[in-house]
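# Please find the sequence and the predicted model below.
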Amino acid sequence: MTQTRCKDPVTLNLWHPLAAIVEIPAGRVAETVLLEERLCYAVDEQGNAAAWRARPGLRHGDSVDIASLEDTLPVKTAYGYVWTSLGTPPAELFPIPEFAEPDRRRLNAASIGVNVSAPRAIENFLDMGHFPYVHTDILGAEPHTEVKEYDVEISVERDEILATRCRFFQPMASTVSTGGADVDYVYRVPHPFCSVLYKSSPADESRRDVIAVFLQPLDQEHVRAHMMLCVLDEENEDKVIKRFQQTIFGQDKPILENQFPKRLPLDPRAETPIRADKSAIAYRRWLSQKGVTYGVIPAAT
């Protein structure tokens, strides 16, 4: 029986992203770290994937026939990424039905290492209050600094957090924006370390662009952040769409890395929330209810 370094059963039994499929050379071993374990993974020409704990004889860049591998980990391909688990994951990953719509651009904007815990990164993703100060003249601008009242629910049935009626003035909401506008947001947190954002699309007022962050916890205070885009944009090249999101994330990265402590305190008295932090408060409560202990500072009992 392999001993895992992570002792949190909730986290061990989750699906975790490893890499964007289009960025993995077919038939070649790639290496990464997940929950302090060194893993290898590969995809074949047909898009089938395998993941396994690193072992002698198979190193990064080596040729591999994944059908011949033994003692592999659970694996799934979804939303353009390879996912695996060090425990016993659920049969299905959370749904993002928009990903199947044929007229959408589906891209990995980037996979970026960040020196912060996964829960801290999710909380930052949920925070609209920093838009005017961190993403000035793109996702926000003074004097439009107010976070208007919005609704948050923890759905027991869907096992996720949902924030609705989120609105914020944005000078340049996306690559197809032609000017500033109030933008509608919906936030979902369907996984302790993944969040999905739906924002009104300048290309089609009746539909929303989808931007997701899938976090791969390397350890309790370091992640790889995989940014998935599923957007309506017939005007711009892939590199332009990616560059826009990379600019946003590049502005967030130093803020995230200066968070202290790097792990997210779950005790409601540890950090003073304000009204705009309703999503963060719900997220912390949800993690506590689920019993997540990895990347957090559990509340004292």
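Yep, that arrived. All values derive from a computational prediction rather than experimental measurement.
# what residue ranges in this protein are flagged as low confidence?
In the prediction, the chain carries residues with pLDDT under 70 at positions 1-3, 128-147, 168-181, 270-276, 301.
# So in it, which helix runs the longest?
Of all segments of type helix in the chain, defined using DSSP state H, the longest is helix 238-257.
# mind listing what's buried in that one?
Residues 241-245, 248-249, 251-253, 256 are the ones in helix 238-257 that count as buried (16 or more other C-beta atoms under 10 Å). Where you see a C-beta, it was placed from the backbone N, CA and C, and this is true even at glycine.
# Closest one of those to Thr4?
Ranked by distance to Thr4 (C-beta to C-beta), the buried residues of helix 238-257 are led by Leu256 at 26.1 Å.
# wait, isn't that closest one in contact with Gly113?
No: using C-beta atoms under 8 Å, Leu256 is not in contact with Gly113, being 11.1 Å away.
# Can you give the distance of the longest helix of the chain from its chain's centre?
Offset of helix 238-257 from its chain centre (C-alpha atoms, centre = their mean, to the nearest Å): 13 Å.
# Only alpha carbons, please: show that helix as CSV.
Only the C-alpha atoms of helix 238-257 are listed here, as CSV (Å, rounded to 0.1, in the frame of the first residue of the first chain):
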residue,chain,number,x,y,z
ASP,A,238,-6.0,32.4,-29.9
LYS,A,239,-2.9,34.2,-28.8
VAL,A,240,-4.8,37.5,-28.4
ILE,A,241,-7.5,35.8,-26.3
LYS,A,242,-4.9,34.0,-24.2
ARG,A,243,-2.8,37.2,-23.7
PHE,A,244,-5.8,39.1,-22.3
GLN,A,245,-6.3,36.4,-19.6
GLN,A,246,-2.6,36.1,-18.9
THR,A,247,-2.4,39.8,-18.3
ILE,A,248,-5.2,39.5,-15.7
PHE,A,249,-3.6,36.6,-14.0
GLY,A,250,-0.2,38.3,-14.1
GLN,A,251,-1.7,41.1,-12.1
ASP,A,252,-3.2,38.7,-9.6
LYS,A,253,-0.1,36.6,-9.1
PRO,A,254,2.0,39.0,-6.9
ILE,A,255,-1.1,39.8,-4.8
LEU,A,256,-1.7,36.1,-4.2
GLU,A,257,1.9,35.5,-3.4
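# elements contacting it?
strand 105-114, helix 118-126, helix 131-134, strand 222-231 (3 or more C-beta pairs under 8 Å, 6 or more residues apart in numbering; DSSP states H and E).
# what angle separates that helix from strand 105-114?
Helix 238-257 and strand 105-114 are oriented at 30 degrees to each other (axes from the mean of the first three to the mean of the last three C-alpha atoms, to 10 degrees).
# contact partners of the helix or strand just after helix 238-257?
Next in sequence after helix 238-257, counting helices and strands by DSSP states H and E, comes strand 264-265. Outside of strand 264-265, the residues within contact range by C-beta atoms under 8 Å, 6 or more residues apart in numbering are 117, 119-120, 123, 271, 284, 287, 295-297, 299.
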